[in-house]
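> Okay, sequence plus prediction incoming.
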Amino acid sequence: MAAQSLSAVDAAVPASTAGAASSRRNRRGSRAERLAPLVLLAPAVLVIAGLRLWPLVLGINFSFTGDGDRNGLAVGFDNYLTLLGDPLFRTALRNVGLLVLLLPVAVAIPGLLATFIFLKVPGHRLYRGVYFFPAVLSPVIVGAIFNLLLAFDGPFNALLGGLGIPPVDWLGDPDVAIFAVVGVHVWATFGMALVVFLAGFATLDSSLLDAAKVDGASLPQTIWHVIVPSLSRTIQFVFVTTMIGMLTSMFGLVYVMTSGGPEGSTYLPEYYVWIQQGQMNQPALASAASTALFLIMLVVGLAQISILRRAGKED
Amino acid sequence: MKQRTPWTAALVVGLALTAAGCGSASGPGNSSGGSSDKLVVWDWKSGDAKAAGYVQKAKEDFAKKHPGVTVEFVAQPFDQYYTLLGAAIQSGKGPDVILFNGGGQIRDRSDALAPLDSYVADDKQRLAGWDAFTKGGKIYAEPVTLQGHPIYYNKDLYQKAGLNPDAPAKTLDEFIRNCGVITQKTGAKCFSLGNKEGVGIQFWLSALGSAVLTPQEYDDWIAGKRNWSSPDVKKIFELWKQAGDTGLNTDGANSTAMFNDAFASFNSGKAANIIGLMSDVGHWKDFAEFLTPEKVGVTVAPQVNPAAKPSLPYDGGIGYAVAKWTKDQKLAADLVRSLTSTDALKAFFVDGGAIASDTTIDTSAGGPAVKTIVSDVKNGKPALHVALGSKTVDLMGRLSQQLLSGSITVDEVLQQLAASDKTG
């Protein structure tokens, strides 16, 4: 890539010197102007092409080769067929679907809490700080904290026991564990969305709220008919960022809290990639899984861009 | 021509800068081997204070034989170890000497390693645990420690329950009866179990295997002729399920990590027994720090099948291998030999409590538990789970969690494991 662009520049220059003989200075200036953008762009283009696109192409190419005895041999779509046949990978994909389904909850929580802060419930200044606090903790620390809290003989179950409710194996029950992990993820990250919501509230027309109050609207009515429509763009933005967060940054929590278990029920594609490459010594299969994850992210990303664009047009 | 120079030069400089950026971003370029006067070792041990004396002794031994060669130890985090190593193997360059776990981890990667048979012949008698580092009749690493699964018990709890702590149960029925008494009198559970990582079943299979399988079945299993539909194999998994169903295990086993929550609950007296390890962690020395050396009992599995001969399951634990891409393989093999020299291994035993592969080391100062373990090593056999491929072991971990939660039957588990074992 680098060599190509160099020789292209070299080839272009003699061609122009052979052109009509006008003022040397003019020609030099125009050549400089033509080349300047190329030179200025070169570092960025080279970094993107050399450190992003080229490894991506290599990775995709690698996913069509074999592992173990077939190392380096082209195997066509074998790895992708293996993925489709692997119940663990299917669980990982199903969990991605579950994350998408849980997205409205993950957006509604910071939205509601931001509304309360905006409506100045008693102690709202304190809550603003407290809610944001977990966002500065690393997933590993959050995971370790909740490992202790959610342990079978941990404080959370002790609390339930005090209320006469039998203990729940939060991280050991395959039907519960994924919800526990997502719940912790939401707890750990909603502070950022809350801040975005508060920024959105700052642009809210207070006369509308006053009018609603004068008309005797209840709190749910105010939220539904005044706040939500006014904040539609903020809500869409939070949807997009929360989705990206859920799909790309849950590895740490899964790793620390459940190791993908119990029974593989909390596998996510990233975790699957890591296990196949690091533990099972199947880098080509891991590449195929990464490519699949990349395609999913591409589809989700494009959908989100189109949503954002539509939201922009409405304005 | 002259006028072009500044732009071309700028481009070249720009390219050079980008290229330099690539170089520095591409990771451990300076910690990979290849030259013959420097050897690079990758491991996850040398950063540990308990292994400092061991590494020092090994370095001294090697320096005596090859004074001009520098040795660099690069301690990698264990969590990422095989991921990083996988990347090095893919690129065909990396460390010269590599630490491995025995069994699947080294066998899966033997393509990238140099056979050591011709270099290590002199050590074959002195060291034990070679099988775990052998594939297709070729040795790929020299064993440093032995790893196995004795059953440890808390003598204090046995005493409190009115049982004789120096006469562990001979049969499983007696063992479980004792557990009942202990739970009744002290509230402690029978087994401290952590199966969050799916490790609990590996320990269980290997610790109980020799008490259930006949010696013939056992040897066949190790040799790769595994009969998953045999009633004895089924029995092991049935016992696992029963132990869960009848409440012998500590609560929440599927969400408890073996490393190190299960060990901690044994240390704190919440359970009377644990299937532990011989080296690294969760072993006699760790337990003795909490319970005092006199209170740590150790035993082989209680008899289940009268035709079986209970023995200590153990293999080579960790061992150093030589990478195929190393220029001077003899030199690297010499370093491996220094890393398994008697003095170095003795330091490892004394500081870290590892049961070393060198059977000539004097372990009498270690307390009663280590004495029992070392004497059991003589009659020990390779552990059953180490003989399985890493895929099957991974699957077994998940299925064992399902057995505990009751969402699968033992027959279905055996079917799936048989299928996975066949495909490797």
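Nice, I can see it.
> hey, let's count contacts and neighbours off CA atoms from now on
Noted.
> what about the closest residue to residue A:90 other than its chain neighbours, distance to chain B?
The spatial neighbour of residue A:90 that comes closest, neighbours along the chain excluded (C-alpha to C-alpha, 6 or more residues apart in numbering or on different chains), is residue A:84 at 6.8 Å. Note on residue A:84: its distance to chain B, by C-alpha to the nearest C-alpha, to the nearest Å, is 17 Å.
> Can you name the residues of chain A sitting close to chain B?
Residues of chain A lying close to chain B (C-alpha under 8 Å from any C-alpha of the partner chain) are A:2, A:6, A:13, A:28, A:39, A:42-43, A:46-47, A:51, A:68, A:151-153, A:169-173, A:258-259, A:261-264, A:274, A:277-281, A:283.
> give me the element the residue most central in space within chain A is part of.
With the centre of chain A defined as its mean C-alpha position, the nearest residue by C-alpha atoms, centre = their mean is residue A:244, 2.1 Å away. When secondary structure is defined using DSSP states H and E, the element that contains residue A:244 is helix A:232-248.
> same for that helix, what does it pack against?
With contacts defined as 3 or more C-alpha pairs under 8 Å, 6 or more residues apart in numbering or on different chains; DSSP states H and E, helix A:232-248 has these neighbours: helix A:87-118, helix A:177-202, helix A:283-314.
> Contacts for the helix or strand following it, please.
Toward the C-terminus, helix A:232-248 is succeeded by helix A:251-257 as the next helix or strand (DSSP H and E). Contact partners of helix A:251-257, identified using C-alpha atoms under 8 Å, 6 or more residues apart in numbering or on different chains, comprise A:139-140, A:142-144, A:146-147, A:171, A:181, A:185, A:260, A:266-268, A:270-271.
> before we move on, what about stretch B:47-57?
With C-alpha under 8 Å, 6+ apart as the test, stretch B:47-57 has contacts from B:45, B:46, B:75, B:339, B:343, B:344, B:345, B:346, B:347, B:348, B:351, B:352.
> Also stretch B:354-371?
By C-alpha under 8 Å, 6+ apart, the list of residues contacting stretch B:354-371 from outside reads B:126-129, B:143-147, B:278-280, B:284, B:293-294, B:296-298, B:316, B:340, B:342, B:345-346, B:348-349, B:374.
> Can you turn the buried part of these into a PyMOL selection?
Taking 16 or more other C-alpha atoms under 10 Å in any protein chain shown as the burial criterion, the selection of buried members of the contacts of stretch B:354-371 in PyMOL is written as:
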select buried, chain B and resi 127+128+129+143+144+145+146+147+278+279+280+284+293+296+297+298+316+340+342+345+346+348+349+374
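> Determine the number of other residues adjacent to residue B:113.
With neighbours defined by other C-alpha atoms under 10 Å in any protein chain shown, the count for residue B:113 comes to 22.
> Angles on the backbone of it, please.
The phi/psi pair for residue B:113 (degrees, to the nearest 10) reads phi -120, psi 160.
> in the helix or strand containing residue A:84, what counts as buried?
Secondary-structure element containing residue A:84, defined by DSSP H and E: helix A:78-85. By neighbour count on 16+ other C-alpha under 10 Å, the buried set for helix A:78-85 is A:78, A:79, A:80, A:83.
> Dump these to a markdown table, plus pLDDT and distance to residue A:132.
Formatted as a markdown table, the entries for the buried residues of helix A:78-85 read as follows, by pLDDT from 0 to 100; distance: C-alpha to C-alpha, whole Å:
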| residue | pLDDT | distance to residue A:132 |
| --- | --- | --- |
| A:78 | 93 | 46 |
| A:79 | 95 | 43 |
| A:80 | 96 | 41 |
| A:83 | 95 | 39 |
